[in-house]
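> give me a model of this one.
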Amino acid sequence: MTLLKLPILRKMKWPEEKLLKRLDWYIMKKFLGTYVFAIALIISIAVVFDFNEKQDRFMSHDAPWSAIIFDYYLNFIPYFANLFSPLFVFIAVIFFTSKLAENSEIIAMFSTGMSFKRMLRPYMLSAAIIAVVTFGLGAYIIPKGSVTRINFEDKYYKSRKMNTARNIQLEVDSGVIAYIDRFENYSNTGYRFSLDKFKGKQLVSHLTARSITYDTAAVHKWIVKDYMIREMDGMKEIITQGARIDTTLFMEPADFLIMKNQQEMLTSPQLSEYIDRQKQRGFANIKEFEIEYHKRIAMSFASFILTLIGVSLSSRKTKGGMGLHLGIGLALSFSYILFQTIASTFAVNGNMPPAIAVWIPNILYSFIAFYLYQKAPK
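Reported below is the predicted structural model:
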């Protein structure tokens with residue numbers, strides 16, 4: 001009977017091993033739950049301190065409560081949470097994993113034959129969820145809210161807009177270079193304006209004017225006053241003068257009157273488009289925009305690196321217990337944020353490419369993660 005049943009047994013479809021078992025779901029729920037709890041706890045404290053610091057300015061500028069709550073803090077909370085997401089990931093991983101190690105639950109997992117690599121699966125899946133959410137918020141959702149938040153701060157707390165700009169030079173079209181000695185925002189007027197047109201490497205037209213004013217009623221329309229145009233054709237030169245001429249130039253005041261933290265108000269596709277356009281026009285002051293664009297990607301990948309460090313560090317039961325793990329974890333997470341700030345400063349004030357500067361903390365901490373992974377209990 002047994003031999004007769006063997007072919008039938010071979011043809012039967014046995015249930016495959018589930019990708020995620022009950023233990024995996026347990027770890028993921030605890031990890032993500034601790035992460036959200038840490039965010040809620042720290043942000044509630046941050047909101048209290050922020051309001052305590054800024055309430056005098058808000059009251060002196062007669063900021064309405066509806067604007068304070070809905071325009072400012074409703075957009076401040078997701079911005080702050082996303083900014084310090086690596087810190088929250090670290091705290092969540094170390095707090096939860098240390099608790100497992102202290103209760104000897106990790107030892108029980110290993111005693112069943114589970115490897116450290118297998119135990120990492122739910123952690124990395126949780127980190128992937130956090131990375132996707134972090135990138136989606138930072139690249140598409142938070143920038144739209146930052147427009148409202150920064151405009152609120154500009155109106156009721158501290159003005160961020162530049163009122164003047166000097167020595168502006170940019171390419172407004174292929175082979176067309178514009179220069180403005182000084183531009184004033186309140187009147188939308190620039191002084192000592194010049195416009196050079198090149199054909200290849202040869203200058204074919206040179207316009208100079210006392211002033212140029214942006215017409216806000218039209219798109220890219222400028223009013224040039226007290227101008228002189230010199231057109232060169234071989235050995236011939238034609239000079240034209242006038243009191244006023246209206247012209248269309250592919251530039252606007254927003255191109256050179258950059259608001260502080262303006263890069264936070266652009267989504268990632270808008271940032272990419274802005275960076276490419278400004279590079280083509282020869283505009284040099286775009287490093288902060290490049291840093292913001294690459295930082296959004298690097299911060300998402302940091303979730304995996306910091307999760308691996310946290311699990312490797314806290315999965316071993318030690319005499320110091322959870323307090324020791326939390327102390328080391330906080331030191332590592334704050335040093336990560338410090339390295340990120342220092343690298344960004346080098347990119348803005350030095351010659352370091354923004355893409356490299358932003359990824360330096362991830363590269364450095366990847367080596368730390370690999371070392372701790374090798375030392376983790378197997």
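> against Phe70, how distant is Val176?
Val176 sits 45 Å away from Phe70, going by C-beta to C-beta, to the nearest Å. All C-beta spots, glycine's among them, are computed from the backbone N, C-alpha and C.
> these two: which has the busier surroundings?
Set Val176 next to Phe70 and count neighbours by other C-beta atoms under 10 Å: Val176 wins out with 16 against 13.
> can you pull the phi/psi pair for Thr247?
Main-chain torsions, Thr247, degrees, to the nearest 10: phi -140, psi 160.
> which residues touch the residue nearest to Ile286 when sequence neighbours are not counted?
Spatial nearest neighbour of Ile286, chain neighbours left out: Gln278 (4.8 Å); criterion: C-beta to C-beta, 6 or more residues apart in numbering. Going by C-beta atoms under 8 Å, 6 or more residues apart in numbering, Gln278 touches Leu170, Asp255, Ile286, Phe289.
> how many residues are close by Ala81?
Around Ala81 there are 20 residues (other C-beta under 10 Å).
> for it, pull up the helix or strand it's in.
helix 74-83 (DSSP states H and E).
> tell me which helix or strand comes right after that helix.
Following helix 74-83 toward the C-terminus (DSSP H and E): helix 85-102.
> and that next one, what does it pack against?
Judged by 3 or more C-beta pairs under 8 Å, 6 or more residues apart in numbering; DSSP states H and E, helix 85-102 is in contact with helix 22-60, helix 105-111, helix 116-136, helix 287-314, helix 321-349.
> so which bits of the first one are buried?
Of the residues in helix 22-60, those with enough neighbours to count as buried (16 or more other C-beta atoms under 10 Å) are 24, 27-28, 30-32, 34-35, 38-39, 42-43, 54, 58.
> so who does the residue nearest the centre of the chain touch?
Taking C-alpha atoms, centre = their mean, the centroid of the chain lies closest to Arg296, which sits 3.7 Å from it. By C-beta under 8 Å, 6+ apart, the residues touching Arg296 are Phe135, Gly138, Ala139, Ser268.
> OK, contacts around Tyr73?
Val47, Phe51.
> that one and Phe152, how far apart?
Counting by C-beta to C-beta - Tyr73 and Phe152 are separated by 10 Å.
> how about Trp359?
From Trp359 to Phe152 the distance is 33 Å (C-beta to C-beta).
> surely Lys317 is in a helix?
No. Counting by DSSP: H, G, I helix; E, B strand; the rest coil, Lys317 is not found in a helix; it is coil.
> can you report how many residues neighbour it?
Counted with other C-beta under 10 Å, Lys317 comes out at 15.
> wait, doesn't it sit right on Asn103?
No. Using C-beta atoms under 8 Å, Lys317 is not in contact with Asn103; the gap is 9.1 Å.
> rewinding a little: between the helices and strands packed on helix 85-102, which one is closest to Tyr186.
Across the helices and strands packed on helix 85-102, the minimum distance to Tyr186, taken as C-beta to C-beta, is reached by helix 22-60, at 22.6 Å.
> can you give me the angle the closest one makes with helix 85-102?
Using axes from the mean of the first three to the mean of the last three C-alpha atoms, to 10 degrees, the inter-axis angle of helix 22-60 relative to helix 85-102 is 140 degrees.
> quick check: Ala178 vs Phe256, distance?
On the measure of C-beta to C-beta, Ala178 and Phe256 end up 10 Å apart.
> need the overlap of contacts for these two.
Common neighbours of Ala178 and Phe256 (C-beta under 8 Å, 6+ apart) are Ile168, Leu170.
> could you pick out the buried ones from the contacts of Arg296?
Using 16+ other C-beta under 10 Å, the buried ones in the contacts of Arg296 are Phe135, Gly138, Ala139, Ser268.
> any idea how far Leu338 is from the nearest residue to the second one once chain neighbours are set aside?
In other words, Gly138. Closest residue to Gly138 apart from its sequence neighbours, by C-beta to C-beta, 6+ apart: Arg296 at 4.5 Å. Using C-beta to C-beta, one obtains 19 Å as the distance from Arg296 to Leu338.
> cool, and Arg149?
25 Å.
> Leu249 now?
44 Å.
> cool, Ala347 as well?
15 Å.
> between those two, which has more neighbouring residues?
Ala347 (22 against 11).
> which residue comes closest to the more buried one once chain neighbours are left out?
Ala357 (3.7 Å).
> same check, this time on His294
Val358 (4.3 Å).
> neighbours around that neighbour, how many?
24.
> in this structure it contacts Thr341, no?
No. With contact defined as C-beta under 8 Å, Val358 does not count as touching Thr341 (11.0 Å).
> re earlier: just the CA atoms of the helix holding Ala81, as CSV, please.
In CSV, the C-alpha atoms belonging to helix 74-83 read as follows (Å, rounded to 0.1, in the frame of the first residue of the first chain):
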residue,chain,number,x,y,z
LEU,A,74,0.8,71.0,10.3
ASN,A,75,3.6,71.3,7.8
PHE,A,76,6.4,71.6,10.4
ILE,A,77,5.7,68.1,11.9
PRO,A,78,6.2,66.0,8.7
TYR,A,79,9.2,68.1,7.7
PHE,A,80,10.9,67.7,11.1
ALA,A,81,10.0,64.0,11.2
ASN,A,82,11.5,63.3,7.8
LEU,A,83,14.6,65.4,8.5
